[in-house]
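[1] okay, structure incoming, though there's no sequence with it:
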């Protein structure tokens, strides 16, 4: 019999489907804490093209750590 990756293939690395149900909930996939370091200053009131930037965007300065 051929040994291809047909519908019954269950190999892989963890996030495999078993009868159409994911083993890892979508909310848990990206729970890893991430840090970013600002490479430049950003002031949304003067730099953003978005009209509601003051309400939805955060200002930061070069070197700030963003979590």
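    Received it, and whenever you're ready, just let me know what you need. The structure presented is a predicted model; accordingly, all values stated were derived computationally and were not measured.

[2] which other residues reach stretch 55-67?
    With CB atoms under 8 Å, 6 or more residues apart in numbering as the test, stretch 55-67 has contacts from 33-45, 48, 50. To be clear about C-beta, it is placed using only N, CA and C from the backbone, and glycine gets the same treatment.

[3] how far does that stretch stretch from start to finish?
    19 Å (CA to CA, to the nearest Å).

[4] from now on call the first residue 792
    Renumbered: residue one is now 792, and that last one reads stretch 846-858.

[5] put the buried members of the contacts of stretch 846-858 into a ChimeraX selection.
    Filtering those down to the buried ones (16 or more other CB atoms under 10 Å) takes a single ChimeraX command:
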select :833,835
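
[6] tell me which of the contacts of stretch 846-858 fall in helices.
    Per DSSP state H, helices hold the following members of those: 835-836.

[7] nearest residue to residue 844 in space, please, no chain neighbours.
    residue 835 (3.8 Å; CB to CB, 6 or more residues apart in numbering).

[8] list the contacts for that neighbour?
    841, 844-845, 848-850.

[9] could you rerun that using 7 Å?
    Contact partners of residue 835, counting by CB atoms under 7 Å, 6 or more residues apart in numbering, are 844-845, 848, 850.

[10] so how far is residue 846 from it?
    9 Å (CB to CB, to the nearest Å).

[11] same check on residue 829?
    Taking CB to CB, one finds residue 829 at 20 Å from residue 846.

[12] how about residue 831: what's its closest non-neighbour residue?
    Closest to residue 831 by CB to CB, 6+ apart is residue 853, at 5.4 Å.
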